[in-house]
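Q: have a look at this fold, sequence not included:
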């Protein structure tokens, strides 16, 4: 596929081309203040604010989108991230005026909203094999953190919190698992993968004990492999008095076919942007609901939604609630999009989703000429770039008009390319992606070193960005070090 | 690629160096280690006065490629840390045996410390 990303540049006085300027660098107006009731040291006398006209703003953002690459441009096979296209009807639903209610509105005047939230709690519980789900956590990682707080509250209620200080995490788990466990105050015990890429049952037996609070597991794991011994794993953790936590990052591989609750998991989070539909990240509002089994429901965040005897809905505080992890009942419009998506797909659609996710990954893998050590895999696979640095391989793929896969993770595959095409790619798009792998595989090391040549920005200086992050707008030259 | 391995230092399997020429032992990471890590962007150090057990993770070095724990090869009390590298982590890359040192510790050189020749053999 021929690809050339748009570049919008203008020449400066020195003849050096610079990219599309920031809004603050376009048309600005300086406003001054002279009478403010704040301490002097907190007050600026004047402030320069952007003041472009509407057409300038519209063109600015359109240009930036042309200098970018997104799920709306083409394949974006970042493994485990499930970067799929989100259908537009969910935006229409979220834009309905009826959805714009104040979160403090009394329950009796918010029955429609509460009914949808309750419906989503039920949908998620049914999909995960859980008793119910809280919708409050504002992101997947926040869901992990919330889930561990629930686990901790459970151990506290059994007077075992002092002894159960360890969370076991497989080496191939998502980085957020380690971070969430640490943030919840736990010591992290890392479990290496066995030779076929799964959790080693023997080593797990050794690792669990009186100090185990929980095991966090993704299934299928980041290699796309189903943890076949999951029933034994659940028994081992439960016999030791620990809880089993399911990381929902890869739930799109199981939708409608297998449920974490049936495998013995006690707590799980749902990445609604991966498994269902809501925009990915970008710093905007998100949602990472968690589901729990019956004996953990009393620990869920406040408020939770329940149905009363007369069929209406109300908010209540669970008896031993861990408290709040976010405002109100979570990010309502994100949850509404999720509800709309699940309703539109229905049972059959959800089941098709997992089938397509697995079929697409396996078709793509069959079309590329790279070594894939671990299988049979589900919705994603980890190919090896072989003798080539995986990061260089990824730069080469950029010139083929696709986004590259996740690189160098998990570490048990050398020069890993963790690839997840998602259920949303057609066969034609999968062929485009496969052709991009093939073309990149043929590139010489010199060609890879020069890549990318077709993108608006080439190689980013990661070192400077990490050492001297510039996190707010400032004039070029100002505070330069 | 050849790496610098000064003769007057001692080394560990996990790529730390030990300078035992003064009263307290100075610890850092080797030229080989910094080269493997790539550009270092963040360092976390132990605190002065910390009591460390040999083999314990006591510092963190983060590069654009990886985050690595640093293990103290010596048991003892931390007597000084190199605050300069907190602001200038690149010193670990540019001068791993000089201005890029990590911390000083009051303790004994371990029996299994390697000399320069043995360490070179190991990283070859």
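A: Sure thing, it's come through. Predicted model only: the values in this text are computed from it and were never measured.
Q: who touches residue A:7 in this structure?
A: A:19, A:67, A:456 (C-beta atoms under 8 Å, 6 or more residues apart in numbering or on different chains). C-beta coordinates here come from the backbone N, C-alpha and C atoms, glycine included.
Q: cutoff 6 Å now
A: Counting by C-beta atoms under 6 Å, 6 or more residues apart in numbering or on different chains, residue A:7 makes contact with residue A:456.
Q: likewise the one 10 residues further on?
A: Taking C-beta under 6 Å, 6+ apart as the criterion, residue A:17 is in contact with A:9, A:11.
Q: how close does it get to residue A:6?
A: 14 Å (C-beta to C-beta, to the nearest Å).
Q: equivalent analysis for residue A:101, please.
A: 40 Å.
Q: ok, residue A:271 next?
A: Taking C-beta to C-beta, one finds residue A:271 at 31 Å from residue A:6.
Q: and for residue A:143?
A: Residue A:143 sits 37 Å away from residue A:6, going by C-beta to C-beta.
Q: those two: which is more packed in?
A: More crowded of residue A:143 and residue A:6, by other C-beta atoms under 10 Å in any protein chain shown: residue A:143, with 31 against 14.
Q: what strand or helix carries the more buried one?
A: helix A:140-157 (DSSP states H and E).
Q: helices or strands up against that helix?
A: In terms of contacts (3 or more C-beta pairs under 6 Å, 6 or more residues apart in numbering or on different chains; DSSP states H and E), helix A:140-157 is packed against helix A:175-183, strand A:212-218, strand A:267-269, strand A:290-292.
Q: which residues touch residue A:29?
A: If you count contacts by C-beta under 6 Å, 6+ apart, residue A:29 has them with A:49, A:51.
Q: any idea what the residue nearest to the spatial centre of chain B is bridged to?
A: Nearest to the mean C-alpha position of chain B, by C-alpha atoms, centre = their mean, lies residue B:28 at 2.0 Å. Counting by DSSP bridges, residue B:28 is bridged to residue B:17.
Q: right, and it touches residue B:17 too?
A: Yes - Residue B:28 is in contact with residue B:17 according to C-beta atoms under 6 Å; the separation is 5.3 Å.
Q: near chain B, which residues of chain A?
A: Selection of chain A residues close to chain B by C-beta under 6 Å from any C-beta of the partner chain yields A:462, A:463, A:466, A:467.
Q: leaving out sequence neighbours, find the closest residue to the last one.
A: I take that to be residue A:467. Of all residues beyond its chain neighbours, the one nearest residue A:467 is residue B:41 (5.2 Å), with distances taken as C-beta to C-beta, 6 or more residues apart in numbering or on different chains.
Q: tell me how far the one you found lies from residue A:48.
A: 32 Å.
Q: any stretches of the stretch 151-300 of chain A with poor pLDDT?
A: When residues are selected by pLDDT under 70, those of the stretch 151-300 of chain A lie in A:282-283.
Q: strands along that one, start to end?
A: Ranges of strands in the stretch 151-300 of chain A, per DSSP state E, counting those that start in this stretch, are A:166-170, A:187-191, A:212-218, A:243-247, A:267-269, A:290-292.
Q: just name the most buried of the ones you listed.
A: Most buried of the strands of the stretch 151-300 of chain A, by mean neighbour count (mean count of other C-beta atoms under 10 Å in any protein chain shown): strand A:290-292, with a mean of 31.
Q: need the contact partners of the helix or strand following it.
A: For strand A:290-292, the succeeding helix or strand toward the C-terminus, using DSSP H and E, is strand A:304-307. Contact partners of strand A:304-307, identified using C-beta under 6 Å, 6+ apart, comprise A:114, A:117, A:118, A:313, A:315, A:316, A:318.
Q: switch the cut-off to 10 Å
A: Contact partners of strand A:304-307, identified using C-beta atoms under 10 Å, 6 or more residues apart in numbering or on different chains, comprise A:107, A:113-122, A:132-136, A:297-298, A:313-318, A:321, A:329.
Q: so residue B:105 sits in a helix?
A: No - assessed by DSSP: H, G, I helix; E, B strand; the rest coil, residue B:105 does not belong to a helix; its assignment is strand.
Q: out of everything not next to it in sequence, what's closest to it?
A: Closest residue to residue B:105 in three dimensions, ignoring its sequence neighbours and counting by C-beta to C-beta, 6+ apart: residue B:76, at 4.6 Å.
Q: ok, the one you found - contacts?
A: Contacts of residue B:76 by C-beta under 10 Å, 6+ apart are B:24, B:25, B:50, B:51, B:52, B:53, B:54, B:104, B:105, B:106, B:107, B:108.
Q: thought the second one was touching residue B:54?
A: No - between residue B:25 and residue B:54 there is no contact, the gap being 11.4 Å when judged by C-beta atoms under 10 Å.
Q: who touches both of these two?
A: B:72, B:73, B:74, B:76, B:105, B:107, B:108, B:110.
Q: find me the pLDDT at residue A:475, would you?
A: According to the prediction, residue A:475 has pLDDT 64.
Q: output the lowest mean pLDDT helix or strand found in chain B.
A: Taking mean pLDDT, DSSP states H and E as the measure, chain B has strand B:67-71 as its least confident helix or strand, at a mean of 90.
Q: just want the angle from that strand to helix A:175-183.
A: 50 degrees (axes from the mean of the first three to the mean of the last three C-alpha atoms, to 10 degrees).
Q: how about the residues of chain B by chain A?
A: With the criterion set to C-beta under 10 Å from any C-beta of the partner chain, chain B comes near chain A through B:38-42, B:62-67, B:87-90, B:93.
Q: again, only this time at 8 Å
A: By C-beta under 8 Å from any C-beta of the partner chain, the residues of chain B that approach chain A are B:39, B:41, B:42, B:64, B:65, B:89, B:90.
Q: which is the next helix or strand following the biggest helix by length in chain A?
A: Ranked by residue count and defined by DSSP state H, the top helix of chain A is helix A:332-367. With elements assigned by DSSP H and E, the helix or strand that comes after helix A:332-367 is strand A:381-384.
Q: what helices and strands are in contact with that following strand?
A: helix A:332-367, strand A:416-419 (3 or more C-beta pairs under 8 Å, 6 or more residues apart in numbering or on different chains; DSSP states H and E).
Q: against chain A, how distant is the closest residue to residue B:70 other than its chain neighbours?
A: Leaving aside its sequence neighbours, residue B:70 sits nearest to residue B:59 (C-beta to C-beta, 6+ apart; 4.0 Å). From residue B:59 over to chain A the distance is 17 Å, taken as C-beta to the nearest C-beta, to the nearest Å.
Q: quick one: residue B:59 is in a helix?
A: No - assigned with three-state DSSP, residue B:59 falls outside any helix and is strand.
Q: state the number of residues packed around it.
A: 22.
Q: so in terms of bridging, what pairs with residue A:306?
A: Bridge pairing for residue A:306 - DSSP bridges - gives residue A:314.
Q: could you measure from it over to residue A:314?
A: 6 Å.
Q: residue A:320 too?
A: Residue A:320 is 19 Å from residue A:314, where distance means C-beta to C-beta.
Q: how does chain A divide up, domain by domain?
A: Domain assignment of chain A by automatic domain parsing yields the ranges A:9-70, A:89-344, A:347-465.
Q: that older thread, quick check: neighbours shared by residue B:28 and residue B:17?
A: B:96, B:97.
Q: just checking, residue B:17 touches residue B:100?
A: No - here residue B:17 lies out of contact with residue B:100, judged by C-beta atoms under 8 Å, at a distance of 10.5 Å.
Q: shared neighbours of the two, anything?
A: Joint contacts of residue B:17 and residue B:100 (C-beta under 8 Å, 6+ apart) are B:28, B:29.
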